[in-house]
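Colleague: only geometry, no sequence info:
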């Protein structure tokens, strides 16, 4: 094993045209090669490596799924609901897998994993009128999860009805989110967004899960700290260590061997496996009873609508669904911009964002019809994993979707992932959320952060987005307007930190006067959301058009698409449609910058034969 110099590889080749192009400001992190993803491979990663990376994303997804289901079902006696927790978990895996595959195929086309984000959890908890957490503290020891057994705890019949209401809210959120996408809502909003809208949302997204992370880590701080330490060592201290060359064949014009930075690529998989094994050797059973393995879970099961009962649509469910749709849309649009920036692509065009939101809505409708209490949205922890391991690939995301569908067809296999100890779940979520938080801070430099206007917008948006949910949780009297659906809507929206940060940032950014350069929309300060196409290099524009456009077979159906839905398709004047024409299938099968391109001899360290 050799240790190469820090960031020795240029992630994209520099030809004469690039050399003559105007150089951006040196302080721009977007153009700094040292901040780019690991992308020196020429072609898609091999299938073996792709499977391991997909398994790594499955572990992150399982952490998020188990956390959301545990917080929603916590306090229930296991095995006494109309649907077992294993089948609820399997139905969530199935809907996430289908939504992930559709998202990559005809959605935003970014390698985004779909998962039930915390934006669905908050309205679900409000709808069920349940406290977020039920814990006990025995003396000075760590917090311990316990079941709700007091006289004020809801009965099983009420809980079954509440879960049906939550599923109905998920269906409503999916229909509303899909409608927003079909109407081209993102296309109307993006020209008015900038770094001061994206950055506060990402910062708050990183902070939003700190309570849940602390709860899970507190079950055993030793294992949690060990996991975090191993992740930091593998991803940062040993990130440039590479294993001896391993032959594989990603492209015919590549060098025969490819050294792989294995510690960085598997900086989540290896620590999770090590800590899980240590926990088993020590005999520590840190698994909540709500998700404990049940012998009643079937090995093979086909999810289908109305297996237990149909979702329940009530005015309260409609109000919670509206809150879910608005919060999930805000979160997903931030994920699109963040993922595109990490992959060195231009900002996602309106048609790609509209398709992405539409298919996320379809995934939520499917999840609600299957009885799942959680919808689907782009996963911030999985995007944080992409930044942590510095690798992103459509092939890997496709495999994640297929594995999720397979787990959804077998509740017994899906339940195996619930054997992951709680401190491991907390550690994984903590590290990935911290990466999302750091990317939010790194976005501030795109605007003039020394401007008093911008300082106020950033500080006010972040502080109020964190203050309002805490104030509502600590308030001795719940907000009451006299009409229950309106109460549910207001409590849900005012306890969604990401939605509040995005809304406040958007309103302040577009109502307080400021120049385009001051807002980060001027020349030399490209916005992740709304950089004008005229300011982008021609090569970047062509690359973005090819990466975000629909697959070639779908493009043939463009004349058959009704005029109101043309907002989901690339405009005819896009460079990819004008000069290069449609890309062939597999031409952009991987989104790692440089994948599929010929590497320069001076920087070619990873190749294949």
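Modeller: Now that the structure is in, tell me what you want to look at. Small disclaimer: the values here were computed from a predicted structure and weren't measured.

Colleague: any weak-confidence spans in this protein?
Modeller: Filtered on pLDDT under 70, the chain yields the residue ranges 1-44, 75-83, 129-160, 244-258, 288-295, 308, 476, 522-545, 552-609.

Colleague: the strands in it, which residues?
Modeller: 2-3, 114-115, 135-136, 144-145, 241-242, 246-247, 257-258, 377-378 (DSSP state E).

Colleague: just checking, what packs against the fifth one?
Modeller: Taking 3 or more CB pairs under 8 Å, 6 or more residues apart in numbering; DSSP states H and E as contact, the helices and strands that strand 241-242 lies on are strand 2-3, helix 262-265. The way it works is simple: take the backbone N, C-alpha and C, and place the C-beta from them, glycine included.

Colleague: what comes into contact with the longest one?
Modeller: The set of residues external to helix 262-265 that reach it, using CB atoms under 8 Å, 6 or more residues apart in numbering, is 38, 49, 52-53, 234-235, 238-243, 270, 389-391.

Colleague: quick one: which of the residues you listed is nearest residue 420?
Modeller: Nearest to residue 420, judged by CB to CB, of the contacts of helix 262-265 is residue 270 at 14.7 Å.

Colleague: count of residues packed around the residue nearest to that closest one when sequence neighbours are not counted?
Modeller: Using CB to CB, 6 or more residues apart in numbering and skipping the chain neighbours, the partner closest in space to residue 270 is residue 234 (6.0 Å). For residue 234, the neighbour count with other CB atoms under 10 Å is 25.

Colleague: what about residue 279, distance to residue 307?
Modeller: Residue 279 sits 34 Å away from residue 307 when distances are taken as CB to CB, to the nearest Å.

Colleague: contacting residues around residue 104?
Modeller: With contact taken as CB under 8 Å, 6+ apart, residue 104 is in contact with 110, 111, 112, 394, 397, 398, 401.

Colleague: okay if I get these as a markdown table plus neighbour count and distance to residue 447?
Modeller: Shown next, in a markdown table, are the contacts of residue 104 (neighbours: other CB atoms under 10 Å; distance: CB to CB, whole Å):
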| residue | neighbour count | distance to residue 447 |
| --- | --- | --- |
| 110 | 28 | 24 |
| 111 | 27 | 28 |
| 112 | 29 | 25 |
| 394 | 22 | 31 |
| 397 | 27 | 31 |
| 398 | 18 | 36 |
| 401 | 24 | 36 |
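
Colleague: keep only those of these that are in helices.
Modeller: Among the contacts of residue 104, DSSP state H puts 394, 397, 398, 401 in helices.

Colleague: hang on, isn't the residue nearest to residue 270 packed against residue 266?
Modeller: Yes - using CB atoms under 8 Å, residue 234 is in contact with residue 266, at 7.1 Å.

Colleague: circling back to that earlier point, more crowded one of residue 279 and residue 307?
Modeller: Using other CB under 10 Å, the more surrounded residue of residue 279 and residue 307 is residue 279, with 24 against 15.

Colleague: can you count the residues close to the residue lying closest to that one once chain neighbours are set aside?
Modeller: Closest residue in space to residue 279, ignoring its immediate chain neighbours: residue 421 at 4.8 Å, by CB to CB, 6+ apart. Other residues lying near residue 421 total 24 when counted by other CB under 10 Å.

Colleague: can you check residue 471 too?
Modeller: Residue 471: 12 neighbours (other CB under 10 Å).

Colleague: relative to residue 300, how far out is it?
Modeller: From residue 471 across to residue 300, the span is 48 Å (CB to CB).

Colleague: ok, now which ones touch residue 222?
Modeller: By CB under 8 Å, 6+ apart, the contact list for residue 222 reads residue 423.

Colleague: ugh, wrong one, residue 303
Modeller: By CB under 8 Å, 6+ apart, residue 303 lies in contact with 90, 91, 94, 370, 408, 409.

Colleague: and the gap between it and residue 309?
Modeller: 14 Å.

Colleague: again with residue 166
Modeller: The gap separating residue 166 from residue 309 is 13 Å, by CB to CB.

Colleague: so which of the two has more stuff around it?
Modeller: The residue with more neighbours, out of residue 166 and residue 309, is residue 166; 29 against 14, by other CB under 10 Å.

Colleague: the closest residue in space to residue 261 that isn't next to it in sequence bridge partners, please.
Modeller: Distance criterion CB to CB, 6+ apart; nearest residue to residue 261, sequence neighbours excluded, is residue 242 at 5.2 Å. Judged by DSSP bridges, the bridge partners of residue 242 are residue 2.

Colleague: give me the number of residues near residue 242?
Modeller: By other CB under 10 Å, 21 other residues sit near residue 242.

Colleague: relative to residue 54, how far out is it?
Modeller: 21 Å.

Colleague: residue 193 now?
Modeller: Per CB to CB, residue 193 is found 32 Å from residue 54.

Colleague: more neighbours, these two?
Modeller: residue 193 (26 against 21).

Colleague: looking at it, that one is touching residue 503, isn't it?
Modeller: No - using CB under 8 Å as the test, residue 193 is too far from residue 503 to be in contact (11.7 Å).

Colleague: contact partners for residue 106?
Modeller: So residue 106 contacts 355, 359, 550, 551, 554 (CB under 8 Å, 6+ apart).

Colleague: for residue 105, which non-adjacent residue is spatially closest?
Modeller: In space, residue 105 is closest to residue 551, 6.7 Å off (CB to CB, 6+ apart).

Colleague: gap between the one you found and residue 102?
Modeller: In terms of CB to CB, residue 551 sits 12 Å off from residue 102.

Colleague: before we move on, what about residue 344?
Modeller: Residue 344 is 25 Å from residue 102, by CB to CB.

Colleague: likewise residue 84?
Modeller: Residue 84 is 27 Å from residue 102, by CB to CB.

Colleague: and if you look at residue 284?
Modeller: Counting by CB to CB - residue 284 and residue 102 are separated by 39 Å.

Colleague: more crowded one of those two?
Modeller: Per other CB under 10 Å, whichever of residue 284 and residue 102 has more neighbours is residue 102, with 21 against 15.

Colleague: now do the contacts for the more buried one.
Modeller: 359, 362, 363.

Colleague: just give the number of residues close to the closest residue to residue 187 other than its chain neighbours.
Modeller: In this structure, residue 187 finds its nearest non-sequential neighbour in residue 350, 3.0 Å apart by CB to CB, 6+ apart. By the criterion of other CB under 10 Å, residue 350 has 20 neighbours.

Colleague: can I assume residue 350 is in contact with residue 190?
Modeller: Yes - counting by CB under 8 Å, residue 350 does reach residue 190; the two are 5.8 Å apart.

Colleague: residue 404 reaches residue 91, doesn't it?
Modeller: No - counting by CB under 8 Å, residue 91 is not a contact partner of residue 404; they are 11.1 Å apart.

Colleague: shared neighbours of the two, anything?
Modeller: Shared contacts of residue 404 and residue 91, defined by CB under 8 Å, 6+ apart, are absent.

Colleague: so how far is residue 547 from residue 344?
Modeller: Separation of residue 344 from residue 547 (CB to CB) stands at 10 Å.

Colleague: check residue 64 too.
Modeller: 26 Å.

Colleague: comparing the two, which shows the higher neighbour count?
Modeller: For residue 64 versus residue 547, neighbours defined as other CB under 10 Å are more numerous around residue 64 (27 against 22).

Colleague: tell me how far that one lies from residue 468.
Modeller: As judged by CB to CB, residue 64 and residue 468 stand 24 Å apart.

Colleague: run through the residues that contact residue 234.
Modeller: 263, 264, 266, 267, 270, 271.

Colleague: list the contacts of the third one.
Modeller: With contact taken as CB under 8 Å, 6+ apart, residue 266 is in contact with 52, 56, 234, 389.

Colleague: OK, contacts around the closest residue to residue 326 other than its chain neighbours?
Modeller: Of all residues not flanking residue 326 in the chain, residue 499 sits nearest, at 5.8 Å (CB to CB, 6+ apart). Neighbour list for residue 499: 119, 323, 326, 327, 330, 331, 493 [criterion: CB under 8 Å, 6+ apart].

Colleague: no further questions, thank you.
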